[in-house]
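# Any chance you could fold what I've pasted below:
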Amino acid sequence: MTNHGNMYGPDFTFLGIERCDLDVESTYADADVVIVG
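A predicted model of the protein is given here:
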C-alpha cells in the first residue's frame, strides 16, 4: 500500500501515539480504539 502522506507535511500521529500496523497484532492488541483511514 502506498502512503500518500497528508497535505500538511510528513506523517504524524494523533497526540503522538505510536502508529500501529494492522498486519502486526501486537502493535494494537492493548488499544481501546484504532482509527483506520
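
# Any regions of this structure where pLDDT drops low?
Scanning the chain for pLDDT under 70 picks out the ranges 1-12.

# Now do the SS call for residue 15.
Per DSSP: H, G, I helix; E, B strand; the rest coil, the secondary structure class of residue 15 is helix.

# I'd like the distance between it and residue 26.
Going from residue 15 to residue 26 by CB to CB, to the nearest Å gives 21 Å. Using the backbone N, CA and C atoms, a C-beta is placed for each residue, glycine as well.

# got the CA positions of stretch 18-34 in CSV?
Output in CSV follows, covering the C-alpha atoms of stretch 18-34 (Å, rounded to 0.1, in the frame of the first residue of the first chain):
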residue,chain,number,x,y,z
GLU,A,18,2.7,5.4,18.2
ARG,A,19,1.5,4.2,14.8
CYS,A,20,0.2,0.6,14.6
ASP,A,21,0.5,-1.9,11.8
LEU,A,22,-2.7,-3.9,11.1
ASP,A,23,-0.6,-6.8,10.0
VAL,A,24,1.1,-7.0,13.4
GLU,A,25,-1.5,-7.5,16.1
SER,A,26,0.9,-6.8,19.0
THR,A,27,1.0,-3.1,17.9
TYR,A,28,-2.7,-2.6,18.7
ALA,A,29,-3.6,-5.5,20.9
ASP,A,30,-4.0,-3.4,24.1
ALA,A,31,-5.6,-0.4,22.3
ASP,A,32,-9.1,0.7,23.2
VAL,A,33,-9.6,2.4,19.8
VAL,A,34,-7.9,2.0,16.4
